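**Q** need a 3D model of the sequence below.
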Amino acid sequence: MLEIDQAERIVVKIGSALIVDKDNNLRQKWLQSIIEDIALLNKKGKEVVLVSSGSVALGRSAIKSAGETLKIEEKQAAAACGQAELMRNYQKLFNDNGLNIAQILLTLFDSENRRNYLNAKNTIETLLDNGIVPIINENDTVATHSIRFGDNDRLAARVAQMISGDLLILLSDVDGLYTSNPKLDPKAEHIPVIEEISENIEDMAGDALSSGVGSGGMATKIEAARIAMNGGCNMILGLGTKLHPLKRLAEGGSRSSLFKSHGNPASARKSWIASSLSVSGEIIIDNGAVRALQDGKSLLPAGVIDVKGEFERGDTVLVLDCKLQRIGIGLTAYPTEDAKLIMGHQSHEIEHIIGFSGRNELIHRDDLVVD
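**A** Model (predicted):
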């Protein structure tokens with residue numbers, strides 16, 4: 001499949017219905033096959049992030065008080081038990097394929113709070129830079145109904161958006177989007193490509209295509225597609241029940257639906273920054289820095305002559321020249337207090353000045369839009 005061949009950073013989401021069988025036992029052979037697929041993608045130079053469900057289902061049997069429907073505290077306890085087993089299996093299978101892994105547990109709050117968002121983003125990107133496969137799950141042990149994603153489809157889309165992924169793959173027990181539920185309507189037609197999430201597409205989704213093991217349905221997959229496409233990321237919804245599901249998709253041996261974005265992660269991010277309505281401060285720079293930014297470089301502390309306003313790391317700030325004319329807008333890597341301390345200094349001096357080693361740039365070029 002062309003989209004897989006061309007993608008550089010891929011987020012793969014697998015649900016509980018694929019990881020465990022009807023008795024909540026791990027599907028060991030299937031899990032081994034998808035990890036072999038991920039290892040193959042890694043050998044081709046692609047960065048892969050895995051968003052995995054399954055902890056609650058795996059840990060359910062350990063909660064002796066659990067009935068047919070788990071209470072929230074029982075679900076959290078089951079997640080705590082099951083996550084340990086899940087990661088133990090992942091570690092062995094990935095290690096067998098020559099890859100190291102890392103566990104990251106997130107909640108909705110982590111994607112909405114700017115500081116937590118940046119910390120998670122930086123952690124994931126550092127892991128990828130070091131050839132480590134991040135394995136992400138919702139933090140069910142602390143999440144409640146009011147703050148949880150409710151499914152890993154949207155979590156995966158948020159992660160793809162967070163790290164500027166160019167492809168999200170949702171593996172499910174269905175092979176794509178249909179005009180209606182194919183389990184109930186024999187005339188339902190498969191839709192191979194979707195270029196816009198219209199009301200008609202939303203109506204097709206409904207909520208009937210859930211397996212009953214996981215917490216997501218087709219409606220959540222459509223919402224995930226909307227999040228991904230808005231971030232310039234393509235999304236593939238494909239069948240994951242057979243062995244080597246990623247290899248099957250890549251070789252065209254498995255039917256799927258492609259939700260096609262009309263942008264790319266970089267352009268979507270720049271557009272979002274440029275359209276920011278809330279600006280927290282101003283950074284005034286010298287003429288040399290102006291020329292550097294116009295040449296596509298990052299803003300270094302050495303080129304800053306003044307800092308105004310009150311902002312935190314990750315906030316939007318205006319960049320002005322010495323005549324206070326607007327040069328651009330961007331996301332600052334440092335809060336006001338630190339920015340004032342390091343302005344005018346060389347990047348190698350940052351650690352000595354503020355007591356820790358932060359980014360070399362005050363605003364990285366990827367977080368900057370020059371007028």
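**Q** nearest residue to Glu36 in space, ignoring adjacent ones along the chain?
**A** Asn97 (6.2 Å; CB to CB, 6 or more residues apart in numbering). C-beta: built from backbone N, CA, C; applies to glycine.
**Q** residues in contact with the one you found?
**A** Ile35, Glu36, Ile38, Ala39 (CB atoms under 8 Å, 6 or more residues apart in numbering).
**Q** switch the cut-off to 10 Å
**A** Contacts here follow CB atoms under 10 Å, 6 or more residues apart in numbering; on that basis Asn97 touches Gln32, Ile35, Glu36, Asp37, Ile38, Ala39, Leu40, Asn42, Lys43, Val133.
**Q** between the residues you listed, which sits nearest Val12?
**A** Ile38 (7.0 Å; CB to CB).
**Q** I figured the closest one hits Ala250, correct?
**A** No: Ile38 is beyond contact range of Ala250, at 11.5 Å (criterion: CB atoms under 10 Å).
**Q** among the contacts of Asn97, which ones are in strands?
**A** Val133 (DSSP state E).
**Q** nearest the middle, which residue of this protein would you pick?
**A** Centroid-nearest residue in the chain, with CA atoms, centre = their mean: Val159, separated by 1.2 Å.
**Q** distance-wise, check Ala84 relative to Ile132.
**A** 19 Å (CB to CB, to the nearest Å).
**Q** just to revisit the earlier point, now the two most distant members of the contacts of Asn97.
**A** Among the contacts of Asn97, Gln32 and Lys43 lie farthest apart (CB to CB), at 16.6 Å.
**Q** compare those two (neighbour count), which wins?
**A** Gln32 (17 against 11; other CB atoms under 10 Å).
**Q** got phi/psi on Met235?
**A** phi -130, psi 130 (degrees, to the nearest 10).
**Q** how close does it get to Asn139?
**A** 24 Å.
**Q** neighbour-wise, which of these two wins?
**A** Met235 (31 against 21).
**Q** tell me the confidence at the more buried one?
**A** pLDDT, Met235: 97.
**Q** could you do Tyr117 as well?
**A** 84.
**Q** what does the residue nearest to Glu36 show for phi and psi?
**A** phi -100, psi 20.
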